[in-house]
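# below are the sequence and a predicted model; questions follow.
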Amino acid sequence: MNQRKLVEVRRLRRQRHTRKRLFGTVERPRLAVFRSSKHIYAQVINDATGTTLAHASTVEPAIKGSTPYGGNKNAATVVGKLVAERAKAVGIERICFDRRGYKYHGRVQALADAAREAGLKF
């Protein structure tokens, strides 16, 4: 098994372990983060109904025009602010953060900090 595949398998194991305890409800939905090498995505999910309440990513035209590259901390900060604004517009203020097996540093931390600054409570 090559190194890249092994890293992904380990991340998915960590993700399954964490998701046993994380569950998004109506009062406190889950903010799930996915990052690739070129982009970062964030969704606010209600697991009780299986619906996405708000989302933002660097592939959207609004963000793509403002940031030249979607795979850095600056782009993650923009996505964090935007997903927080969209969540607050729907009436969500408290969330549980799902880092999806990624380490809490770099882009994931930048997105979480930006969402906190925009008014979401973790």
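Received the coordinates, thanks.
# confirm residue 16 sits in a strand?
No. With DSSP: H, G, I helix; E, B strand; the rest coil as the criterion, residue 16 is assigned helix and is not in a strand.
# partner residues bridging the closest residue in space to residue 112 that isn't next to it in sequence?
Closest residue to residue 112 apart from its sequence neighbours, by Cβ to Cβ, 6 or more residues apart in numbering: residue 97 at 5.9 Å. No exception for glycine: its C-beta is placed from N, CA and C like everyone else's. On the basis of DSSP bridges, residue 97 is bridged to residue 31.
# which residues in the chain form strands?
Taking DSSP state E as the test, the strands found in the chain are 30-35, 40-46, 51-57, 96-98.
# can I get the ones you listed in JSON lines with distance to residue 3 and mean neighbour count?
As requested, the strands of the chain are exported to JSON lines (distance: least, Cβ to Cβ, whole Å; neighbours: other Cβ atoms under 10 Å):
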{"stretch": "strand 30-35", "distance to residue 3": "18", "mean neighbour count": "22"}
{"stretch": "strand 40-46", "distance to residue 3": "22", "mean neighbour count": "22"}
{"stretch": "strand 51-57", "distance to residue 3": "27", "mean neighbour count": "18"}
{"stretch": "strand 96-98", "distance to residue 3": "25", "mean neighbour count": "19"}
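# thank you kindly, that will do.
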